[in-house]
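Q: pasting the structure only:
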């Protein structure tokens, strides 16, 4: 029997689920080997009987925690999909700002109408079995993840830095082009898509194990970036991870 | 049915989380809300303190469907603020890229989100077996749109190489020629899309409202231009607040917008009604075939207007490629800012309607931001449609009424996760109580 699969989303742009939808259309054979029982964005039918849960988005309010735990209870395997679920993603940029100020700036005197707290990756709420990193996720990596799951193993992701893929792509290093890049500390797996398009890596796939943050900061300084600019660059996708490494808990 | 309770917890096949709550007691409509229960996103607050050239990368993450639209409006706001004048080549490449996004989003909406309603299905997935030609066609059209964006900006979801003043990579002439060939071949798929819509029975519901869209004299406008209303009047982009007038209405908790009437509509149907004369002749012929003329006031026909735009964007993309090939693609450095402080409004008519980004920049750092998203502008209009629709269909079953309301909401192609960062939400019923 094909494994029953469900998709869920919390705070996100739903771009990863759209990528999944796109991937399913390009690879209709996937629909022959899994049974999708819940996917709000794409279908009306809905069942809570599933074995594998793919979750997009970060947890940004206490009431989401209960729903996330409910999914964990039902699913045998939980996969975090995309940078929001994996890292807290772009939502965590505000974790470095006073929460009250952030709420007031957008909602003014109605700020208390909204339930919110600092953005968290899924792994801060429940045990996550595997991640598909990226903002958005890579199609091929999603196909690979499903393939691995069907073979009875957890999806594996690279643990080496982006620079290796960038070299294999035969790009000229962004630093040699007079620009900056987070490739040396960022997990590979996207085929260095941003440097290949003329932009430095923004770190959306998260840090490699044991990243040398001191060295990358030094390299960015040598390129003329100020401490504020370096902080901004590192906090685009890596706020939650770097705050954790610094031992800072968001308010 | 003199008493009716509709409670759709999370409307499906839309982007983001919204609920429909309708209450009819003894024939009287006591509640009729489209509740937005998505989490707040706080993008405007997160932009503060960021370098000006990060804004388009951050704001493209507001939305997974219209990321190119957000990036485009964001870049235009930054360029207005810093006195940047992009080259003709940049302008052409952006227009072409934008067509890729309109095509991708409209095909997704028409085939995957709307069509299942009319074919009596819960999703497009079973169609892959029962009507593979339809699914394969949608797939082919989406793939072409995606490849167009990937060629120009690296990928569709969260574009990479669009930057303030220009691009950081450029398509090769051979790539553009290959895309052109596929666009020409896609005319058959466009025709088949129009035929598919000709065969659907759209509900005969009409309600006159105000339509608002970007407008230019010389083209069917998607980027820049002025703000035009079907009730008359054209305003410069800088006066967008005079159009959006965000207000809080007693019957609804969501912050609504209103211009000359109680509500207005943005999106494909609004653009069609306002800019019909500037559509490509093939698109006008497609509208003719669908019996669509300005002004069309049936909101369900938004999908038909999207199909007309699919034809238009396909044709215009071919013309843009010809123009780009004619003048030759030159790798060029982005146009530079002429000042590092200023205020600017950028606008784009994205798949779901008019999108505004407004930035305040000091010394190259963003110090303030405001974004007004199309779905937020449509909410009041959707609710007024629901209020007008329900009394006329009370003789139907609860299931039929619910479906009619869901289809109405879906017709607007709402993008709730985009719009929530500027909405006021009151939780009428505890979320998750059911």
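A: Arrived safely, thanks for sending. Here the structure is a predicted model, which is why all the values come from computation and not from measurement.
Q: How many residues are close by residue B:338?
A: Applying other C-beta atoms under 10 Å in any protein chain shown, we find 10 residues neighbouring residue B:338. For the C-beta atoms, the positions are set from N, CA and C on the backbone; glycine is no exception.
Q: so where is the stretch 151-300 of chain B shaky, pLDDT-wise?
A: Along the stretch 151-300 of chain B, segments meeting pLDDT under 70 span B:247-255.
Q: Which stretches in it count as strands?
A: Using DSSP state E, counting those that start in this stretch, the strands of the stretch 151-300 of chain B run over B:162-163, B:166-167, B:210-215, B:226-229, B:234-235, B:247-248, B:255-256, B:264-265.
Q: Same question for the stretch 1-150 of chain A.
A: A:4-9, A:35-39, A:52-56, A:77-81, A:130-132.
Q: Now for the most centrally placed residue in chain B: which residues touch it?
A: Closest to where the C-alpha atoms of chain B average out (C-alpha atoms, centre = their mean) is residue B:352, at 1.7 Å. Contacts for residue B:352 were tallied using C-beta atoms under 8 Å, 6 or more residues apart in numbering or on different chains; they are B:66, B:105, B:266, B:267, B:374, B:375, B:378, B:412, B:413, B:414, B:415, B:418.
Q: okay, the strands of the stretch 1-150 of chain A in TSV with mean neighbour count next?
A: Shown next, in TSV, are these (neighbours: other C-beta atoms under 10 Å in any protein chain shown):
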stretch	mean neighbour count
strand A:4-9	23
strand A:35-39	20
strand A:52-56	27
strand A:77-81	24
strand A:130-132	24
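Q: Compare these and give me the one nearest residue B:51.
A: strand A:52-56 (27.8 Å; C-beta to C-beta).
Q: Identify the spatial nearest neighbour of the residue nearest to the centre of chain B, chain neighbours not counted.
A: residue B:374 (4.1 Å; C-beta to C-beta, 6 or more residues apart in numbering or on different chains).
Q: Which pLDDT value belongs to that neighbour?
A: Each residue has a pLDDT score; the one for residue B:374 is 93.
Q: again, but for the one 10 residues further on
A: Predicted confidence (pLDDT) for residue B:384: 94.
Q: elements contacting the helix or strand in which it is found?
A: Element membership of residue B:384, judged by DSSP states H and E, is helix B:374-389. Counting by 3 or more C-beta pairs under 8 Å, 6 or more residues apart in numbering or on different chains; DSSP states H and E, the packing neighbours recorded for helix B:374-389 are strand B:28-36, strand B:255-256, strand B:264-265, strand B:353-362, helix B:398-411, helix B:416-419.
Q: so is the residue lying closest to residue B:138 once chain neighbours are set aside in a helix, a strand, or just coil?
A: If the residues on either side of it in the chain are set aside, residue B:138 comes closest to residue B:111, at 3.7 Å by C-beta to C-beta, 6+ apart. Three-state assignment for residue B:111 (DSSP: H, G, I helix; E, B strand; the rest coil): helix.
Q: how about the residue of the stretch 1-150 of chain B found nearest chain A, what does it touch?
A: Going by C-beta to the nearest C-beta, chain A is nearest to residue B:64 of the stretch 1-150 of chain B, at 2.4 Å. Residues near residue B:64 by C-beta under 8 Å, 6+ apart: A:12, A:13, A:14, A:15, A:16, A:17, A:18, A:19, A:136, B:15, B:157, B:158.
Q: can you do 7 Å?
A: Residue B:64 is in contact with A:13, A:14, A:15, A:18, A:136, B:157, counting by C-beta atoms under 7 Å, 6 or more residues apart in numbering or on different chains.
Q: Can you get me a residue count around the fourth one?
A: Just to be clear, that refers to residue A:18. 24.
Q: so it makes contact with residue B:63?
A: No - here residue A:18 does not reach residue B:63: they are 9.6 Å apart, not a contact under C-beta atoms under 7 Å.
Q: what's the burial count for the residue lying closest to residue A:189 once chain neighbours are set aside?
A: Computed as C-beta to C-beta, 6+ apart, the closest residue to residue A:189 that is not its neighbour in sequence is residue A:158, at 4.8 Å. A count of nearby residues for residue A:158, using other C-beta under 10 Å, gives 16.
Q: Provide the secondary structure category for residue A:158.
A: coil.
Q: Against residue A:233, how distant is it?
A: 22 Å (C-beta to C-beta, to the nearest Å).
Q: And residue B:150, by the same measure?
A: 25 Å.
Q: Report the spatially nearest residue to the residue in chain A that chain B sits nearest to, omitting neighbours in sequence.
A: Chain A approaches chain B most closely through residue A:15 (2.4 Å), counting by C-beta to the nearest C-beta. Closest residue to residue A:15 apart from its sequence neighbours, by C-beta to C-beta, 6+ apart: residue B:64 at 2.4 Å.
Q: Just the element for that neighbour, please.
A: Per DSSP H and E: nothing holds residue B:64, as it lies in no helix or strand.
Q: picking up where we left off before, which one of the strands of the stretch 1-150 of chain A has the poorest average confidence?
A: The minimum mean pLDDT among these belongs to strand A:35-39 (a mean of 92).
Q: by contact count, what packs against that strand?
A: strand A:4-9 (3 or more C-beta pairs under 7 Å, 6 or more residues apart in numbering or on different chains; DSSP states H and E).
Q: ok, 10 Å please
A: Packing partners of strand A:35-39 (3 or more C-beta pairs under 10 Å, 6 or more residues apart in numbering or on different chains; DSSP states H and E): strand A:4-9, helix A:15-26, strand A:52-56.
Q: would you turn the ones you listed into JSON lines with distance to residue B:93?
A: Converted to JSON lines, the helices and strands packed on strand A:35-39 look like this (distance: least, C-beta to C-beta, whole Å):
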{"stretch": "strand A:4-9", "distance to residue B:93": "32"}
{"stretch": "helix A:15-26", "distance to residue B:93": "22"}
{"stretch": "strand A:52-56", "distance to residue B:93": "30"}
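Q: ok, which stretches of chain A are helices?
A: All helices of chain A, identified by DSSP state H, fall at A:15-26, A:30-33, A:62-74, A:82-87, A:99-107, A:139-150, A:162-168, A:193-196, A:213-222, A:227-234, A:239-245.
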